[in-house]
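Trainee: after the sequence you'll find the predicted model.
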Amino acid sequence: MDPPPQPPNIDPPTRAGITMPPPQDTRKAAIPGAPNAQQRADLAAIARRLASRHKEENPANIRYIASTRQEALAETTASRVSGDASVYVIQMEGNFLRHTRHGLKPIVGNSITIIVDAETGQVTDWSMSPRSHDLSRLGQAAAL
């Protein structure tokens, strides 16, 4: 008796002639090393620029922690994303004001948290809240 025929090996996978996207990368990202001098300057500039956009010219206690995006989001928001990345989490304090669309009441907060992709330097997430998040589970914060 002959074995059953095997389906052809098609790369990339297709279904009904449509190319399917590759599976999501589920590997855990590595925590990045300490940023070099230029990266630290870039992180500080990102923090000050976002503070300025939200009407705070002198933010206080600007600090960062090296982490992963999944861990950072778990500590700062209810948002979840697929995949993971090495990130720097910046947190700062001040009196922040965000105007909303259509002239609704502005949002105010005393803390902004920013997640920056360690490889690209791009902001992936940010949030404003009434108080700072406890990020001690992510590691030791360092001043920027």
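Mentor: Thanks, I have the structure now. The structure displayed is predicted, hence computed values, not measured ones.

Trainee: show me the strands in this protein, by range?
Mentor: 14-15, 18-19, 60-68, 86-98, 107-117, 123-129, 142-143 (DSSP state E).

Trainee: let me have these in CSV, adding mean neighbour count as columns.
Mentor: Heads up, the C-betas are built off the backbone N, CA and C, glycines and all. Below are those laid out as CSV (neighbours: other CB atoms under 10 Å):
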stretch, mean neighbour count
strand 14-15, 9
strand 18-19, 8
strand 60-68, 20
strand 86-98, 21
strand 107-117, 20
strand 123-129, 16
strand 142-143, 11
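
Trainee: lowest average confidence across these, which one?
Mentor: Lowest mean pLDDT of the strands of the chain: strand 14-15, a mean of 47.

Trainee: residue 64 versus residue 142, what's the distance?
Mentor: Using CB to CB, to the nearest Å, residue 142 is found at 6 Å from residue 64.

Trainee: got the strands of the chain as CSV, with distance to residue 51 columns?
Mentor: Below are those laid out as CSV (distance: least, CB to CB, whole Å):
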stretch, distance to residue 51
strand 14-15, 48
strand 18-19, 44
strand 60-68, 8
strand 86-98, 6
strand 107-117, 7
strand 123-129, 10
strand 142-143, 15
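
Trainee: of these, which approaches residue 39 most closely?
Mentor: Residue 39 lies closest, by CB to CB, to one member of the strands of the chain: strand 86-98, at 7.8 Å.

Trainee: what are the bridge partners for the nearest residue to residue 91 once chain neighbours are set aside, then?
Mentor: Excluding its sequence neighbours, the residue lying closest to residue 91 (CB to CB, 6 or more residues apart in numbering) is residue 113, at 4.9 Å. Listed by DSSP bridges, the beta-bridge partners for residue 113 are residue 91, residue 127.

Trainee: can I assume residue 113 is in contact with residue 93?
Mentor: No. Here residue 113 lies out of contact with residue 93, judged by CB atoms under 8 Å, at a distance of 10.5 Å.

Trainee: got any residues that touch both of these two?
Mentor: Here residue 113 and residue 93 have residue 132 as joint contacts, going by CB atoms under 8 Å, 6 or more residues apart in numbering.
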